[in-house]
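Student: only the shape, not the letters, is given here:
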């Protein structure tokens with residue numbers, strides 16, 4: 001009997017580990033899919049769907065027909081499938097004006113962040129704790145102790161797609177409260193800047209000029225600098 005009990009326990013541990021590995025595969029597949037969508041919206045024919053005037057008209061129609069909550073829900077769903085946050089924020093500002101647009105973008109951003117965070121937590125939290133090893137878990141917990149600051153940094157300098165960051169936060173030990181508060185704080189400066197220059201930004205997206213490409217290059221450089229700074233910060237935690 002003891003031998004049979006030991007064999008059953010061993011089989012249970014094996015099944016448990018296999019289940020965790022399957023969840024790890026699902027997490028990786030989900031993150032790759034989200035990353036592929038983010039790249040697709042920017043660099044493939046999918047980009048044709050992100051026409052400013054077309055999306056503005058659609059968002060206004062949804063808002064008039066079903067109310068502002070429906071527009072916020074649409075914003076959140078678009079973020080969950082990795083439509084760029086900057087583009088969606090611009091659309092909301094053009095569609096509803098500066099203050100209502102900021103409200104829509106903030107609410108939709110928080111709901112979208114919670115959606116992706118929940119997916120990452122459901123697929124990855126146990127996987128990280130059981131399979132990643134003590135060193136990775138220690139780093140994850142140390143980052144969680146600075147979770148609010150970490151989220152603010154990656155929102156101020158978007159070094160990865162919005163949905164991917166949320167999924168990673170869910171898989172790590174970062175609390176949902178820190179994610180949502182950090183997202184609100186980190187998104188605020190760019191939203192206010194876009195609200196102030198919304199007409200100029202929309203015109204540049206419709207009819208790009210050489211200055212537009214210079215600004216894009218500066219943005220890429222800023223993101224690269226932010227990625228370097230974040231990497232140094234993570235190493236200082238480890």
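Tutor: Received it, and whenever you're ready, just let me know what you need. This is a predicted model, so every value here is computed, not measured.
Student: so which strand or helix has residue 168?
Tutor: Secondary structure from DSSP states H and E places residue 168 in helix 162-171.
Student: now residue 200
Tutor: helix 198-206.
Student: which residues sit against the helix holding residue 168?
Tutor: 27, 30-31, 34-35, 38, 79-82, 84-85, 109, 112-125, 127-128, 147, 151, 154, 158, 160, 179 (CB atoms under 8 Å, 6 or more residues apart in numbering). Using the backbone N, CA and C atoms, a C-beta is placed for each residue, glycine as well.
Student: can you pull out the strands in this protein?
Tutor: Along the chain, counting by DSSP state E, no stretch forms strands.
Student: residue ranges in it under the pLDDT threshold?
Tutor: The chain contains residues with pLDDT under 70 at 1-20, 24, 41-42, 44, 46, 48, 125-143, 158, 201-238.
Student: count of residues packed around the residue nearest to residue 101 when sequence neighbours are not counted?
Tutor: Distance criterion CB to CB, 6 or more residues apart in numbering; nearest residue to residue 101, sequence neighbours excluded, is residue 93 at 3.6 Å. Per other CB atoms under 10 Å, the neighbour tally for residue 93 reads 26.
Student: can you check residue 184 too?
Tutor: Neighbours of residue 184 (other CB under 10 Å): 17.
Student: buried among the contacts of helix 162-171? Make that a PyMOL selection.
Tutor: Remark: buried members of these, expressed as a PyMOL selection using 16 or more other CB atoms under 10 Å:
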select buried, resi 27+30+31+34+35+38+79+80+82+84+85+109+112+113+114+115+116+117+119+120+121+123+124+125+127+128+147+151+154+158+160+179
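Student: so which of the contacts of helix 162-171 sit within helices?
Tutor: Among these, the ones falling in helices (DSSP state H) are 27, 30-31, 34-35, 38, 79-80, 85, 109, 112-125, 127-128, 147, 151, 154, 179.
Student: residues contacting the residue nearest to residue 107 when sequence neighbours are not counted?
Tutor: Nearest residue to residue 107 in three dimensions, chain neighbours excluded: residue 72, at 4.7 Å (CB to CB, 6+ apart). Residue 72 is in contact with 104, 107, 108, 111, counting by CB under 8 Å, 6+ apart.
Student: out of those, grab the one that's most surrounded.
Tutor: Using other CB under 10 Å as the neighbour test, the contacts of residue 72 are led by residue 104, with 26 neighbours.
Student: which residue is the nearest non-sequential neighbour of it?
Tutor: residue 92 (4.5 Å).
Student: count the neighbours of that neighbour for me.
Tutor: 33.
Student: gap between it and residue 36?
Tutor: 25 Å (CB to CB, to the nearest Å).
Student: OK, contacts around residue 175?
Tutor: Here residue 175 is in contact with 144, 147 (CB under 8 Å, 6+ apart).
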